[in-house]
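Student: Got a predicted structure plus its sequence, pasted below:
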Amino acid sequence: MMEMLAFGLVAGVAVGGAIGVVAARNVFVSALWLVLSFIGVAGIYAILGADFLAATQVLIYVGAISVLILFAVMLTHHVMGDERSNNRQAFLAFIVSSSVVAALGVLAYRTDWPIRPADAGGSVVTAMRGDLAGSSAASTAAQTGASTALTSTVDLALNQDSNVVRLGQALMTEHLLSFEIISLVLLVALIGAIVIARD
Amino acid sequence: MEASIPLWWYLLVAAALFGTGLFGALSRRNAVGVLMGIELMLNGANINAVAFWRYIAVPSGAGLNGMDGQVFAIMVIALAAAEAAVGLALIISIYRNRQSVLVEDFSTMRG
């Protein structure tokens, strides 16, 4: 119940921010709504148990991309006045996008997703918590010293499947090629942005 | 605690973000607004990737640790950063030449 409440809150922030982005007339106000929407999405990642992604979302989207967009808005300052902020195809665009949302929603609701059973290593966090509780219970039952318990807890924290550890392993083993390619893409985009914006 | 929220709620939120971004990208006159719509669409796709990572069974073979969804989301975030940098550089460059950020003024390449 609590989880659903939290989900409703962050989903409302994300979708409300998105609606604010497209509804605001001033593009600067749009950018501020965009920040709110990004924060909501970070909350959704946190509820999903992807803690590293939530932090990344805050750092990169809220911290970097939003500032980039705000800089672009201010550098290309354009007095909008009474001009329309939407073009003539806005009504058509509304019809198309709302039918896309409706189709995706019906599809998501009606599809019989192969949900993973909760006991098959479902939640990393709960599994980790369970192991921690189990190890501490075992250590107290065996009357081992506090230092042993501490060592085992530290070992657990390092060896257990925390999100960051698993993500780092995945990036350096299975997904090494895509990791290298994305690094190259970032480098090329960096140089390209400098070259384009400089002259 | 696990799975008290059905998967399709996440998918619905992702679809709402995607649709809102689509509307923004299609209907905005300001090029920066179009870019913001694209960012919203990428965020919606990312929520889908992470939700599927959390809920759907992955065939875990030897050496696979089943982080594909999150790795995918990280790739998308990196690409979005690259896209925003290049897109905003383009907009600033065009603004310098044409004193406008409205997409209907960027029609020199129209046939």
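Tutor: That came through, no problem.
Student: give me the low-pLDDT residue ranges for chain A?
Tutor: Residues of chain A that meet the criterion pLDDT under 70 lie in A:78-83, A:118-161.
Student: just the helices in it please.
Tutor: Ranges of helices in chain A, per DSSP state H, are A:2-23, A:27-47, A:51-56, A:66-75, A:90-110, A:124-141, A:146-159, A:163-172, A:176-198.
Student: The fourth one to helix A:27-47, inter-axis angle?
Tutor: Compare the direction of helix A:66-75 with that of helix A:27-47 by axes from the mean of the first three to the mean of the last three C-alpha atoms, to 10 degrees and you get 170 degrees.
Student: Equivalent analysis for the last one, please.
Tutor: Here helix A:176-198 runs at an angle of 170 degrees relative to helix A:27-47 (the same axes, to 10 degrees).
Student: Helix A:163-172 and helix A:176-198, what's the angle between them?
Tutor: Per the same axes, to 10 degrees, the angle that helix A:176-198 makes with helix A:163-172 is 90 degrees.
Student: Same check on the fifth one?
Tutor: Here the directions of helix A:90-110 and helix A:163-172 differ by 100 degrees (the same axes, to 10 degrees).
Student: How about helix A:90-110 and chain B, any contact?
Tutor: Yes: if you take C-beta under 8 Å from any C-beta of the partner chain as the test, helix A:90-110 does meet chain B, through A:90, A:92-94, A:96-98, A:100-101, A:104-105, A:108-109. In this view, the C-beta of every residue, glycine as well, is placed from N, C-alpha and C.
Student: In PyMOL, how would I select the buried members of those?
Tutor: In PyMOL syntax, the buried subset of the residues of helix A:90-110 next to chain B is picked out as below (16 or more other C-beta atoms under 10 Å in any protein chain shown):
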select buried, chain A and resi 90+93+94+96+97+101+104+105+108
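Student: and the residues of helix A:90-110 next to chain B, which two are the farthest apart?
Tutor: A:A90 and A:Y109 (28.2 Å; C-beta to C-beta).
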